[in-house]
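Chemist: Fold the stuff below for me.
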Amino acid sequence: KYLRMEKSHLKASAAVADPNTQGQRNSTLPWFWSLDVQCDSISNNWMNEFYRVHWLRAKALHDQWLEEQLLIKYEMGWTLQFFLHKAGMWLSCITHNSDPLPECYAIRQAHMYHQLAKHARTRF
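Modeler: A predicted model of the protein is given here:
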């Protein structure tokens with residue numbers, strides 16, 4: 001029923017006293033704060049404020065992770081499109097140049113970007 005209590009669990013939370021303190025953004029409450037103690041927040045305004053502040057922080061952290069998850073999906077698509085664009089750019093250099101040396105380099109670069117796009121497509 002109860003988990004092992006660690007020394008790090010016994011640190012006092014300054015979230016209510018000073019909610020703008022640096023370094024508290026990702027802090028979470030130890031497990032024993034989630035125990036259902038009857039009427040602990042109803043009869044005590046400080047505890048009510050304590051739970052409210054930590055709930056809002058947890059909700060903000062959850063919302064940030066949802067936003068990050070959405071952005072990562074877009075960034076994966078943008079990366080793939082960038083690789084394909086660069087490959088096309090190098091291929092267009094081949095048609096505009098008659099010298100074989102830059103043409104070989106352009107083919108090599110286009111192949112590299114196509115490989116990167118292929119790798120990105122399989123990984124994303």
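Chemist: Only C-alpha atoms from now on, for both contacts and neighbour counts.
Modeler: OK.
Chemist: Let me know how buried Ala117 is, in neighbour terms.
Modeler: 21 (other C-alpha atoms under 10 Å).
Chemist: What separation is there between it and Ser92?
Modeler: Counting by C-alpha to C-alpha, to the nearest Å, the gap from Ala117 to Ser92 is 17 Å.
Chemist: what about the longest helix in the protein?
Modeler: Scanning the chain for the longest helix, with DSSP state H as the assignment, gives helix 45-95.
Chemist: right, and the helix or strand after that helix?
Modeler: On the C-terminal side of helix 45-95, the nearest following helix or strand under DSSP states H and E is helix 100-123.
Chemist: Not counting its own residues, what contacts that following helix?
Modeler: 76, 79-81, 83-84, 86-91, 93-94, 97 (C-alpha atoms under 8 Å, 6 or more residues apart in numbering).
Chemist: which one of the residues you listed has the most neighbours?
Modeler: Result: Ala87 is most packed of the contacts of helix 100-123 (other C-alpha under 10 Å), 23 neighbours.
Chemist: Now for that residue: which residues touch it?
Modeler: Ala87 makes contact with 109-114, according to C-alpha under 8 Å, 6+ apart.
Chemist: Report the spatially nearest residue to it, omitting neighbours in sequence.
Modeler: Take Ala87 and drop its neighbours on the chain: the residue closest to it by C-alpha to C-alpha, 6 or more residues apart in numbering is Ala110, 4.2 Å away.
Chemist: Could you tell me how many residues sit around that neighbour?
Modeler: There are 24 residues near Ala110, going by other C-alpha under 10 Å.
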